[in-house]
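Participant: Below are the sequence and a predicted model; questions follow.
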Amino acid sequence: MEEKRYPRLICDLGLLEHNVREVIGRCHAAGIRVAGVVKGATALPPVVDCYVRGGSDQLASSRIEQLERMKKAHPELPAMLIRVPMMSELNRVACCCEYSLESDTAVLEALDTACGRAGRRHKVVLMADLGDLREGWWDQDELVAAALHVERDLPNLELAGVGTNLGCYGAIVPTVEKMEKLAGLACRVEEAVGHALEIVSGGASTSFLLVHQGRMPAKINHLRIGETILHGYDLQKLWGVTDMGYLSMDVFTLQAQVLECRVKPTYPVGTIFKDAFGNTPVYTDRGLRRRALVGVGRVDVGDQSKLLPKDPGVTVLGGSSDHTILDVEDCPRALKAGDVMEFALNYTPVLFLTDSTEVTVEYRGM
């Protein structure tokens, strides 16, 4: 029998499909279509299949390679590029997806040329920056002018709509007021171009809170949702939403193997300077305590502080590229080398784990 490999990522496809159906069902009931964002799990094929079975209206990612792979597996569903494209990507964009988010007139013109060469017609969603200060036109008059430019001058592009992003960089809350501002901009664009827009995209996972609360303005008819489906964590834990228990937070679990476990000082001995990443760490002297070293590091999870130990009495202290150090003094288990520890996960670790060739993914629940 083949020996199990670690680190090991467990993905419960039954819980994932449950989350897909819960989120999309509520959005559809509110007249909102959903682009199912799969980049947070590196568009793993079984994960994408759950999004398809669960009713996603589009499949979305920020990565061209993922979109190309998804289109081969699911040509029946429109694909959406949710990171505004680089000039160097436009030939691939023209061929691998039906929709893209756009925020620059020069890119729109070059994309029109690329689509002409490919014999393809492509739908664009023009992004408005409503304060999060990532992509999008800040001046609404410029966005309206760009919309007219697409309509009048770029024959291989179709103006699908307008959208915004909130929460990802500036941590700006998607409020009703922000959504009403986007709705007002959509009305301005519709008046200028003389027809209704297909898409008014009100943001990503955090915007789902307004759907959950029944407060999303009616003009908003599209969301791009990833984390809320994959994890259900941020709104319930970071935002303190207590009535969202219909979403599972247990889709993903990390299993990592203990390398050693022994009592050591809690304050390094010697002259402290820089760690492997160029930082000067700060430590608290708590005397001698038992600590465990597990075989998973920053290369695998990005940020060890995001790991949530399932064993009681365990605290993540930190680590290096390939190791995570845990305080296990108060853990009831007598841990030793070879034991397997489990960790609950949120967005960042799964983003890294699913992209690593050194992590084994095991699917359950289907």
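Facilitator: Thanks, I have the structure now.
Participant: Tell me both backbone torsions, phi and psi, for L288.
Facilitator: Phi and psi for L288, reported as degrees, to the nearest 10, are phi -80, psi 130.
Participant: Return the per-residue confidence for it.
Facilitator: For L288, the pLDDT comes out at 98.
Participant: The residue lying closest to it once chain neighbours are set aside in helix, strand or coil?
Facilitator: Using Cβ to Cβ, 6 or more residues apart in numbering and skipping residues adjacent in sequence, the residue nearest L288 is V263, 5.3 Å away. Using the backbone N, CA and C atoms, a C-beta is placed for each residue, glycine as well. Following DSSP: H, G, I helix; E, B strand; the rest coil, V263 is assigned to strand.
Participant: ditto for V107
Facilitator: Put simply, V107 is helix when judged by three-state DSSP.
Participant: same thing with the one 4 residues further on?
Facilitator: Classification of L111 into helix, strand or coil gives helix, according to three-state DSSP.
Participant: from what I can see it touches S100, true?
Facilitator: Yes. The pair formed by L111 and S100 meets the contact definition of Cβ atoms under 8 Å, at 7.5 Å.
Participant: so what sits against both of the two?
Facilitator: Counting by Cβ atoms under 8 Å, 6 or more residues apart in numbering, the common neighbours of L111 and S100 are 85, 93, 122, 124.
Participant: Looking at those residues, which are in helices?
Facilitator: Among those, the members found in helices (DSSP state H) are V93.
Participant: Now restrict the shared contacts of L111 and S100 to buried residues only.
Facilitator: Neighbour-count burial (16 or more other Cβ atoms under 10 Å) applied to the shared contacts of L111 and S100 gives 85, 93, 122, 124.
Participant: Excluding chain neighbours, give the residue nearest to the second one in space.
Facilitator: Of all residues beyond its chain neighbours, the one nearest V93 is P85 (5.0 Å), with distances taken as Cβ to Cβ, 6+ apart.
Participant: Same question for the third one.
Facilitator: In space, and not counting its chain neighbours, H122 is closest to C115: 4.9 Å by Cβ to Cβ, 6+ apart.
Participant: burial measure for the one you found, as a count.
Facilitator: 22 (other Cβ atoms under 10 Å).
Participant: so what's it scoring on pLDDT?
Facilitator: If you check C115, the pLDDT there is 98.
Participant: Quick check, it in contact with P155.
Facilitator: No. Look at C115 against P155 with Cβ under 8 Å: they stay out of range, at 9.0 Å.
Participant: if I look at L67, how far off is L254?
Facilitator: For L67, the distance to L254 equals 27 Å [Cβ to Cβ, to the nearest Å].
Participant: Could you do C95 as well?
Facilitator: Counting by Cβ to Cβ, the gap from C95 to L254 is 36 Å.
Participant: Tell me which residue is most central in the chain.
Facilitator: Taking Cα atoms, centre = their mean, the centroid of the chain lies closest to G40, which sits 4.1 Å from it.
Participant: Just the pLDDT for I272.
Facilitator: On pLDDT, I272 comes in at 92.
Participant: my read is it is in a strand, agree?
Facilitator: No. Under the criterion used here (three-state DSSP), I272 is coil, not part of a strand.
Participant: so who does it touch?
Facilitator: With Cβ under 8 Å, 6+ apart, I272 has these contacts: 280-281, 283.
Participant: I'd like those laid out as a markdown table, including neighbour count, pLDDT and secondary structure.
Facilitator: Shown next, in a markdown table, are the contacts of I272 (neighbours: other Cβ atoms under 10 Å; pLDDT from 0 to 100; DSSP: H, G, I helix; E, B strand; the rest coil):
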| residue | neighbour count | pLDDT | secondary structure |
| --- | --- | --- | --- |
| T280 | 8 | 92 | coil |
| P281 | 11 | 91 | coil |
| Y283 | 12 | 94 | coil |
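Participant: helix, strand or coil for L59?
Facilitator: Strictly by three-state DSSP, L59 counts as strand.
Participant: ok, it - how many residues close by?
Facilitator: For L59, the count of nearby residues is 24 (other Cβ under 10 Å).
Participant: go on, the one 5 residues further on?
Facilitator: Neighbour count of I64, defined by other Cβ under 10 Å: 18.
Participant: Quick check: it touching R92?
Facilitator: Yes. Using Cβ under 8 Å, I64 makes contact with R92 at a distance of 5.0 Å.
Participant: List the contacts of E89.
Facilitator: I64.
Participant: quick one: low-confidence parts of this protein?
Facilitator: For the chain, the stretches with pLDDT under 70 are 1.
Participant: L254 is in what secondary structure piece?
Facilitator: For L254, the element it lies in under DSSP states H and E is strand 252-265.
Participant: mind listing what's buried in the helix or strand just after that strand?
Facilitator: Proceeding N to C from strand 252-265, the next assigned helix or strand is strand 288-294, under DSSP H and E. Buried residues in strand 288-294, counted by 16+ other Cβ under 10 Å: 290-294.
Participant: what's the answer for stretch 47-64, then?
Facilitator: 47-52, 54-64.
Participant: go on, stretch 190-204?
Facilitator: Applying a neighbour-count criterion of 16+ other Cβ under 10 Å, one finds 190, 193, 197, 199-204 buried in stretch 190-204.
Participant: how about those residues, which pair is most distant?
Facilitator: V193 and A204 (25.6 Å; Cβ to Cβ).
Participant: in terms of contact, does the residue nearest to V93 touch S103 like I think?
Facilitator: No. Distance between P85 and S103: 9.8 Å, which falls outside the contact criterion (Cβ under 8 Å).
Participant: still on that earlier bit, of the shared contacts of L111 and S100, just say which sits nearest to K71.
Facilitator: V93 (11.7 Å).
Participant: Go ahead and confirm that closest one touches I64.
Facilitator: Yes. Applying Cβ under 8 Å as the test, V93 and I64 come out as touching, 7.0 Å apart.
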